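A.B. asks: Can you look at this prediction? I've put the sequence above it.
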Amino acid sequence: MTAAEVLPAAAAAGPDTADLRVAVLGVGLMGADHVARLSRRVSGARVTVVSDAATDRADQVAAEVPGCRVVPDPLAAIADPEVDAVVVASPGRFHEEQVLACIERGTPVLCEKPLTMDADSSLAVVRAEDAHTARTGRRLVQVGFMRRFDPEYAALRELVASGGLGEPLLVHCAHRNPAVPAGVTTESVVNDSVVHEVDVARFLLGEEIAAVTVLRPRSTRRAAEGLSDPLVVLLETTGGRLVDVECFVSTGLAYEVRTEVVGEDGSALIGLDAGLVRQQAGPGGAVRGTAVTPGFRERFGRAYDVEVQRWVDAARRGGIDGPGAWDGYAAQAVCAAGVEALRTGRRTEVRMEER
Ligand SMILES: NC(=O)C1=CN([C@@H]2O[C@H](COP(=O)(O)OP(=O)(O)OC[C@H]3O[C@@H](n4cnc5c(N)ncnc54)[C@H](O)[C@@H]3O)[C@@H](O)[C@H]2O)C=CC1
Ligand SMILES: O=C1[C@@H](O)[C@H](O)[C@@H](O)[C@H](O)[C@H]1O
């Protein structure tokens, strides 16, 4: 996409509203990308503040953006008078404090996944936001489950929701990374990688996950010491549908994220680098892709752009447009059951509050 191209939701915000002044907390891989997209590809926003524990990195990123300052303390960045909204792209363990500080000030926030590190703290965020919404009528928290903005996932959901596949019965997912950074553990694969399929399952099927089972097949020789890789995760939904997830994070090959929904009247598959591949009785054939995608930034580049544009437009109108705090909480509750299932080797029911 070029800088001149206007993203789909941009027009809705109206041309005469002042730019949203955004602070980006954490300018590592994701945060620096978000700064670049907010500065060059998204309309209606500009980055006025960046904050990072590594101040040299923050200096470097700020130097590329006219009018952007470094505020080393993330809480001071949230409170800065030149900040209307915040993107949280710090490591997950800092999200709770930073998102709660945004809610406290009534500041819209786009928080990268995970919302927080566990279900209880995510629920605390849900409750804090609910209290704000009860007072003001406004939602503040959007969570960075970007796959919902990917054109292929959007088309798949539309097909499922329109009844095009009949009643959905099964979802088959593969989530493969060529490699992951040192220090990744089997638990963190559930929390950081499988969490996307948890959200995808809820998004595609429109129901909660009731139970999780995690199987550990023989590990690849490429797996780091102590890492079980691949994993097979089974998610059972409240409506009795089954979602299987192969999560394989050290394939040594490419970034592959595939999702296939099998319904009573047909199936549909995305993630072959070839658009949506649909198979059903009657005329029509399948397309096979050949390209190799190196990583999530390439595979989901468009999805991140659309996600951030829609968040900016919604924040300027005083709301959110995408997965919210409840979705972040639900995903954490399922991942907590996943980590428990990993530890015990048993099917584990998800403990979740009523919505
Ligand atoms: N949606 C997606 O596909 C992806 C999401 N993520 C999520 O994005 C977040 C950031 O991940 P990466 O960019 O890969 O990590 P990273 O390690 O590249 O960057 C994190 C940055 O935060 C800085 N930092 C450390 N403590 C901080 C604090 N208290 N406040 C502000 N900044 C602080 C670090 O110095 C570093 O520059 C994580 O929550 C991760 O799960 C990461 C990769 C893909
Ligand atoms: O969120 C992400 C990473 O944190 C995670 O490590 C990868 O497995 C995912 O594919 C990516 O989308």
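C.D. replies: Nice, I can see it. Residues are numbered from 1 along each chain as shown. Ligands and ions are numbered 1, 2, ... in the order given.
A.B. asks: Which positions in the stretch 251-355 of the chain make contact with ligand 2?
C.D. replies: residue 296 (C-beta under 6 Å from any ligand atom). Any C-beta I mention is one placed from the backbone N, CA and C, and that applies to glycine too.
A.B. asks: for ligand 1, what are the nearby residues on the stretch 251-355 of the chain?
C.D. replies: So far as C-beta under 6 Å from any ligand atom goes, the stretch 251-355 of the chain lies against ligand 1 at residue 296.
A.B. asks: nearest residue to the residue of the stretch 251-355 of the chain found nearest ligand 2 other than its sequence neighbours?
C.D. replies: Going by C-beta to the nearest ligand atom, ligand 2 is nearest to residue 296 of the stretch 251-355 of the chain, at 4.0 Å. Of all residues not flanking residue 296 in the chain, residue 255 sits nearest, at 6.0 Å (C-beta to C-beta, 6 or more residues apart in numbering).
A.B. asks: so who does the one you found touch?
C.D. replies: The contact partners of residue 255, by C-beta atoms under 8 Å, 6 or more residues apart in numbering, come to 176-178, 293-296, 298-299.
A.B. asks: repeat that for 10 Å
C.D. replies: Contact analysis of residue 255 by C-beta atoms under 10 Å, 6 or more residues apart in numbering lists 175-179, 271, 273, 292-300.
A.B. asks: just to revisit the earlier point, what is the burial count for the residue of the stretch 251-355 of the chain closest to ligand 2?
C.D. replies: By the criterion of other C-beta atoms under 10 Å, residue 296 has 20 neighbours.
A.B. asks: Can you list phi and psi of the residue nearest to residue 296 for me?
C.D. replies: Per-residue torsions, residue 255: phi -90, psi 120 (degrees, to the nearest 10).
A.B. asks: If any of the contacts of residue 255 are buried, put those into a PyMOL selection.
C.D. replies: Of the contacts of residue 255, the buried ones go into a single PyMOL selection, burial set by 16 or more other C-beta atoms under 10 Å:
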select buried, resi 175+176+177+178+271+273+293+296+299+300
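A.B. asks: Which single one of the contacts of residue 255 is nearest to ligand 1?
C.D. replies: For these, the minimum distance to ligand 1 (C-beta to the nearest ligand atom) is 4.8 Å, reached by residue 296.
A.B. asks: Relative to residue 156, how far out is that closest one?
C.D. replies: Remark: distance between residue 296 and residue 156 (C-beta to C-beta, to the nearest Å) = 18 Å.
A.B. asks: just residue 260 next, same as before
C.D. replies: For residue 260, the distance to residue 156 - C-beta to C-beta - is 9 Å.
A.B. asks: Show me where the stretch 101-250 of the chain has its strands.
C.D. replies: 109-112, 141-144, 168-176, 209-215, 231-237, 242-248 (DSSP state E, counting those that start in this stretch).
A.B. asks: any bit of the second one sitting next to ligand 1?
C.D. replies: Yes: contact check for strand 141-144 against ligand 1, using C-beta under 6 Å from any ligand atom: residues in range are residue 144.
A.B. asks: What residues does the residue of the stretch 251-355 of the chain closest to ligand 2 make contact with?
C.D. replies: Residue 296 is in contact with 29-30, 146-147, 175, 177, 193, 196, 255, 257, 303-304, counting by C-beta under 10 Å, 6+ apart.
A.B. asks: In this structure, which helix is the longest?
C.D. replies: Secondary structure of the chain read by DSSP state H shows that its longest helix is helix 325-344.
A.B. asks: Neighbouring strands - and their directions - for the helix or strand that it is followed by?
C.D. replies: As assigned by DSSP states H and E, the chain's next helix or strand after helix 325-344 is strand 348-349. Looking at strand 348-349 with DSSP bridges, its partner strands are strand 209-215 (antiparallel).
A.B. asks: Could you give me the buried positions within the strand it pairs with?
C.D. replies: By 16+ other C-beta under 10 Å, the buried positions in strand 209-215 come out as 209-214.
A.B. asks: got it, and stretch 146-156?
C.D. replies: By 16+ other C-beta under 10 Å, the buried positions in stretch 146-156 come out as 146-150, 152-154, 156.
A.B. asks: Tabulate those (TSV), appending pLDDT.
C.D. replies: Below are these laid out as TSV (pLDDT from 0 to 100):
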residue	pLDDT
146	98
147	98
148	98
149	98
150	97
152	95
153	98
154	97
156	97
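A.B. asks: Just send the residues you listed back as CSV, with distance to ligand 2 too.
C.D. replies: Formatted as CSV, those follow (distance: C-beta to the nearest ligand atom, whole Å):
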residue, distance to ligand 2
146, 8
147, 8
148, 13
149, 13
150, 11
152, 15
153, 13
154, 17
156, 17
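A.B. asks: Identify the residue spatially nearest to the residue of the stretch 51-200 of the chain found nearest ligand 2, adjacent ones excluded.
C.D. replies: Nearest to ligand 2 in the stretch 51-200 of the chain, going by C-beta to the nearest ligand atom, is residue 193, at a distance of 3.4 Å. Nearest residue to residue 193, sequence neighbours excluded (C-beta to C-beta, 6+ apart): residue 247, at 5.4 Å.
A.B. asks: Surely that neighbour is in contact with residue 227?
C.D. replies: No: with contacts counted by C-beta atoms under 10 Å, residue 247 stays clear of residue 227, the gap being 11.5 Å.
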